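Novice: I would like the atomic coordinates for the input below:
(one chain, ligands or ions: 1)
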Amino acid sequence: MPEKEVPAKRVRTRFAPSPTGFIHLGNIRSALYPWAFARSQGGDFILRIEDTDTERSSQAAVDVILESMAWLGMTPDEGPFYQMQRMTRYKEVLAQLQAAGYVYPCYMSVAELDALRERQMAAKQKPRYDGTWRPGRGKVLPPVPEGVQPVLRFRNPQEGMVAWDDKVKGRVEIANDELDDLVIARPDGTPTYNFCVVVDDIDMRITHVIRGDDHVNNTPRQINIFRALGYEPPVYAHLPTVLNEQGEKMSKRHGAKAVTQYRDEGFLPDAMINYLARLGWSHGDDEIFSREQFLQWFNLDHLGTSAGRFDDAKLRWVNAQHLKAMADAALAPLVAAQLEARGIAADERLPAICGLFKDRCDTTVALADWAQAFYRDVTPTADDLARHVTDAVKPAIAALRERLAGVAWDATSIAAAIKQVLADHQFKMPQLAMPVRVLVMGTPQTPSLDAVLALHRRELVLERLGC
Ligand code: GLU
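Specialist: So this is what the prediction gives:
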């Protein structure tokens, strides 16, 4: 009889940001890997907004998260789910846990806790809750103080180990006696962070938790709660931090920019994905790859173990490579959006303009700076005018202007006109091309002059050459 095939469990990952402060590149990298893993495995990617810190959470921060993910094309299959909207569910599960005997009330006041901590520190011990209110066989608990609302603590196992095979860190083992009994509900009954995360990961059927390693200390506690609730924990991968250029942990406080700012500064979503992917994962020596390649190649076996360091110059280089490789027709709408932000309406020439200038640009903003010369006045510097548009060259410029008034308006005819003027005035190409560029484009360095002029409207060229 053929063996019955066990269907592989469908992969489900999540990104669970706290909407406090604007999401930066370090944060969004924690979305990239779970998203890519779900996509590469044909699974589901879930977005969960961890907004229980009501003081620090804001709708504006949620909006930036949603906008950033939409821009980068990291579309969740489910969510956003908001933790604040799931309180009833957490309380329900808390009651189950309490009924099963895993939870006990603790009446220790803040002052008592502080005193306990001080005694422990003075004795060079690790500060931890000492189990005063933990019930035990034959143990007599202190009298319940009047008028005090207790917190609820989780009865953590006291013996044995919590262990998991982390996809980044390898085997991690923590002795249970290192962990004290965690507060899982506040005096007003609201459940605390670690508990909510476990309930969510269970309800959302998360198979792989891929998150920053600042959460690694929560993991053994969460695993114990999983088991108390009768579930096996998911697979964990704790990603090393992303450092900024100064080697500090990337944070808003240390000047990190919101992800959406990179969009505004002219970076391409696929280049961002490429760059961020390489900040903690590798595929051989491949530096430049497409979104499709990344999703095809990504797995949890090649995650890096050391902190990635952000490098602006490298990001620009990666962006420039993607920009160059992109089809002009695909690039044009992005540049059009940049121009529109400047009040400029582009036209059918834009794809060709992109094609001509993209090699010398690292962002769509730089490309829009070039394109702008085709739609708006240029302002050459006094220095460039004085240096290039000399009295000696002015007659040749006038002659070119006259010829350009009559030729067919294409690069070949324009090139022939330039050649004729050079011959007539005994000039070398740069002697004429530089001043013409300064007048028409506002700068002496541009791609091939005939191609540049052909993309302009004839009237505008004649007007700019009429110096
Ligand atoms: N909300 C947490 C954070 O923004 C993530 C928690 C998790 O992924 O388990 O750091």
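
Novice: quick check, residue 173 in a strand?
Specialist: Yes. Judged by DSSP: H, G, I helix; E, B strand; the rest coil, residue 173 forms part of a strand.

Novice: does it have beta-bridge partners, and which?
Specialist: Residues in a beta bridge with residue 173, per DSSP bridges, are residue 163.

Novice: Can you pull up the residues of this protein that come close to the ligand?
Specialist: Selection of the chain residues close to the ligand by CB under 6 Å from any ligand atom yields 16, 17, 18, 50, 197, 211, 212, 215. C-beta: built from backbone N, CA, C; applies to glycine.

Novice: switch the cut-off to 5 Å
Specialist: 16, 17, 18, 50, 211 (CB under 5 Å from any ligand atom).

Novice: contacting residues for the first one?
Specialist: Looking back up the chat, that one is residue 16. By CB atoms under 8 Å, 6 or more residues apart in numbering, the contact set of residue 16 is 48, 49, 50, 197, 200, 211.

Novice: so who does the fourth one touch?
Specialist: Shown in contact with residue 197 (CB under 8 Å, 6+ apart): 16, 50, 218, 222.

Novice: so is it in a helix, a strand, or just coil?
Specialist: helix.

Novice: Looking at per-residue confidence, what score does it get?
Specialist: Looking at residue 197, its pLDDT is 98.

Novice: Which residue is it, in the stretch 101-250 of the chain, that comes closest to the ligand?
Specialist: residue 211 (3.5 Å; CB to the nearest ligand atom).

Novice: Return the subset of the contacts of residue 16 lying in strands.
Specialist: 48, 49, 211 (DSSP state E).

Novice: in the stretch of helix or strand residue 318 belongs to, what counts as buried?
Specialist: Here residue 318 sits within helix 312-325, counting by DSSP states H and E. Using 16 or more other CB atoms under 10 Å as the test for burial, helix 312-325 gives 315, 316, 318, 319, 320, 321, 322, 323.

Novice: Of the residues you listed, which pair is most distant in space?
Specialist: Maximum pairwise distance among those (CB to CB): 12.3 Å, between 315 and 323.

Novice: what do the two both touch?
Specialist: Residues touching both residue 315 and residue 323 by CB under 8 Å, 6+ apart: residue 271.

Novice: chain center to the helix holding residue 318, what's the gap?
Specialist: 16 Å (CA atoms, centre = their mean, to the nearest Å).

Novice: What are the boundaries of the strands in the stretch 51-200 of the chain?
Specialist: Along the stretch 51-200 of the chain, counting by DSSP state E, counting those that start in this stretch, strands occupy 78-82, 103-106, 151-154, 161-166, 170-175, 183-185.

Novice: Go through the ones in strands among the contacts of residue 16 and say which is closest to residue 354.
Specialist: Nearest to residue 354 among these, with distances taken as CB to CB, is residue 49, at 37.3 Å.

Novice: who's the closest one bridged to?
Specialist: Where residue 49 sits in a bridge, its partners, by DSSP bridges, are residue 82.

Novice: how about the nearest residue to the residue of the stretch 101-250 of the chain closest to the ligand once chain neighbours are set aside, what does it touch?
Specialist: Once flanking residues are discounted, residue 211 sits nearest to residue 30: 5.8 Å by CB to CB, 6 or more residues apart in numbering. Residue 30 is in contact with 15, 17, 210, 211, 212, 239, counting by CB under 8 Å, 6+ apart.

Novice: who's in contact with the first one?
Specialist: Contacts for residue 15 were tallied using CB under 8 Å, 6+ apart; they are 30, 31, 34, 35, 45, 46, 47, 48, 69, 74, 76.
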